[in-house]
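Q: only geometry, no sequence info:
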């Protein structure tokens, strides 16, 4: 499975703004030393194998966040803020008329905008947004937090604060990633 390079490009912009271009360049040199894939020019349309993006985010956690891999959720949230904002490249996904349309139509489209694998399904039931991904070949706990954080932030941008809970985890041996977002308001 691959992820679109927009995740890398977005993260580069966020890290460069927060820590400076020099620190980004030093960090990138370390990542290239670990994996030559990152010596390539990576554009928003570049397909990056998910195992490579995990190396990238693991190194980000090590370099800038004291190896706190729970920062994966923050990377997801920051990415959603960047791409779904009024000036972001994927802002059109936020034009749904109501929450049900956003959950049923926009959230699955966001998934296929980023990933070329896995089957994504989301639905609204009572006061809970359900998200399930099957067919993932990625067994990484923190990658799941990236997905959870991104979608929680997408819901927040749409105007809904939530509490997120991972119910099933492929990384833990389940056959699917299943996350519930309970609406706060």
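A: Cool, got the structure. Worth saying up front: this structure is predicted, and the values here are computed from it rather than measured.

Q: tell me the contacts of the most centrally placed residue in the chain?
A: With distances taken as C-alpha atoms, centre = their mean, residue 76 lies nearest the centre of the chain, 3.8 Å away. Shown in contact with residue 76 (C-beta atoms under 8 Å, 6 or more residues apart in numbering): 145-153. Any C-beta I mention is one placed from the backbone N, CA and C, and that applies to glycine too.

Q: Walk me through the domains of this protein.
A: 2-71, 92-183 (automatic domain parsing).

Q: now those domains as a markdown table including mean neighbour count and distance to residue 80?
A: What follows is the domains of the chain, written out as a markdown table (neighbours: other C-beta atoms under 10 Å; distance: least, C-beta to C-beta, whole Å):
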| stretch | mean neighbour count | distance to residue 80 |
| --- | --- | --- |
| domain 2-71 | 16 | 9 |
| domain 92-183 | 17 | 4 |
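
Q: show me what contacts the residue nearest to residue 138 when sequence neighbours are not counted?
A: Excluding the flanking residues, the one nearest residue 138 by C-beta to C-beta, 6 or more residues apart in numbering is residue 50, at 5.0 Å. Residue 50 sits next to 1-3, 115, 137-138, 143 when contact means C-beta under 8 Å, 6+ apart.

Q: Can I get the residues you listed in a markdown table including distance to residue 46, pLDDT and secondary structure?
A: Shown next, in a markdown table, are those (distance: C-beta to C-beta, whole Å; pLDDT from 0 to 100; DSSP: H, G, I helix; E, B strand; the rest coil):
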| residue | distance to residue 46 | pLDDT | secondary structure |
| --- | --- | --- | --- |
| 1 | 15 | 94 | coil |
| 2 | 9 | 95 | strand |
| 3 | 10 | 93 | strand |
| 115 | 14 | 94 | strand |
| 137 | 19 | 87 | coil |
| 138 | 18 | 86 | coil |
| 143 | 18 | 91 | helix |
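
Q: a markdown table please, covering those residues and showing distance to residue 91.
A: Output for these, formatted as a markdown table (distance: C-beta to C-beta, whole Å):
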| residue | distance to residue 91 |
| --- | --- |
| 1 | 25 |
| 2 | 23 |
| 3 | 20 |
| 115 | 19 |
| 137 | 30 |
| 138 | 27 |
| 143 | 25 |
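
Q: Which one of the residues you listed is nearest to residue 81?
A: Set against residue 81, the nearest of those by C-beta to C-beta is residue 3 (17.7 Å).

Q: Give me the secondary structure label for residue 130.
A: What DSSP: H, G, I helix; E, B strand; the rest coil gives for residue 130 is strand.

Q: how far away is it from residue 171?
A: According to C-beta to C-beta, to the nearest Å, residue 130 and residue 171 sit 19 Å apart.

Q: if we can go back for a sec, wait, which of the domains of the chain is closest to residue 83?
A: Across those, the minimum distance to residue 83, taken as C-beta to C-beta, is reached by domain 2-71, at 6.2 Å.
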